[in-house]
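> show me how the following folds:
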Amino acid sequence: MTSGEMVRQQRRGRAIAMTPEEVDAFLAEERTCRAATVGKDGSPHVAPLWFVWDGTFVWLNSVVRSQRWTDLERDPRIAVVVDGGEEFGDLRGVEIRGTVRVVGDVPRGTDPDGALHGVELAFARKYTGKDEFVADGRHAWLRVTPESIASWDFRKFRRGN
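Alright, predicted model coming up:
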């Protein structure tokens with residue numbers, strides 16, 4: 001199922017839901033997501049992360065010695081929220097629920113990895129403005145496969161959509 005199909009399936013709040021193109025643009029411009037995992041005792045763990053959206057997957061560059069990593073090794077379910085706006089009428093965001101898969105070395109080494117080249121280049125450009133990703137030996141890549149995508153853009157209330 002494509003992200004566009006998932007966005008169209010959103011039932012509640014259709015009047016303020018983003019189009020697939022709006023979701024792509026929003027996720028390309030926003031810098032921080034909040035990733036929620038399930039702890040061993042069932043309690044949630046939420047932490048901010050930088051991310052890359054490639055139009056199909058959310059890519060997270062996560063510290064491998066973190067609560068998030070431990071949680072996801074045990075249970076690959078995740079929810080990721082990206083939101084923006086200061087005033088109530090300007091709030092907008094995207095929630096993606098899905099599962100993660102580790103891609104590449106753990107932790108990420110310095111050897112080239114064709115499966116990560118595009119993601120790492122996009123990450124470097126987004127967060128450093130450079131065309132070079134530098135692995136630090138503490139992080140690795142998690143690929144989130146969306147199972148559902150919900151979005152909201154309260155600015156659409158003002159436009160009468």
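> now the strands: where do they sit in this protein?
Under the criterion DSSP state E, strands of the chain are mapped to 32-38, 44-53, 58-63, 77-84, 92-103, 139-153.
> contact partners of the fourth one?
Contacts of strand 77-84 from elsewhere in the structure, counted by Cβ atoms under 8 Å, 6 or more residues apart in numbering, are 26-27, 30, 32-38, 51, 58, 60, 72, 90-100, 144. From N, CA and C alone the C-beta is placed, and that goes for glycine too.
> give me that answer again for 6 Å
Residues outside strand 77-84 that contact it (Cβ atoms under 6 Å, 6 or more residues apart in numbering): 30, 33-37, 58, 92-97, 99-100, 144.
> tell me the contacts of the residue lying closest to Trp152 once chain neighbours are set aside?
Excluding the flanking residues, the one nearest Trp152 by Cβ to Cβ, 6 or more residues apart in numbering is Ile16, at 5.0 Å. Ile16 sits next to Trp152, Asp153, Lys156 when contact means Cβ under 6 Å, 6+ apart.
> quick one: which of the strands of the chain is nearest Gly129?
Nearest to Gly129, of all the strands of the chain, is strand 44-53, at 13.5 Å by Cβ to Cβ.
> any idea how far Ala122 is from Phe133?
Shown here: Ala122 relative to Phe133, a distance of 9 Å by Cβ to Cβ, to the nearest Å.
> for Ala140, give me its contacts.
For Ala140, the contact set (Cβ under 6 Å, 6+ apart) comprises Val64, Val106, Pro107, Arg108.
> can I assume the first one is in contact with Asp105?
No. Using Cβ atoms under 6 Å, Val64 makes no contact with Asp105, being 9.9 Å away.
> what's the pLDDT at the residue nearest to the spatial centre of the chain?
In the chain, the centroid-proximal residue (Cα atoms, centre = their mean) is Val58; its distance is 4.1 Å. With respect to pLDDT, Val58 scores 98.
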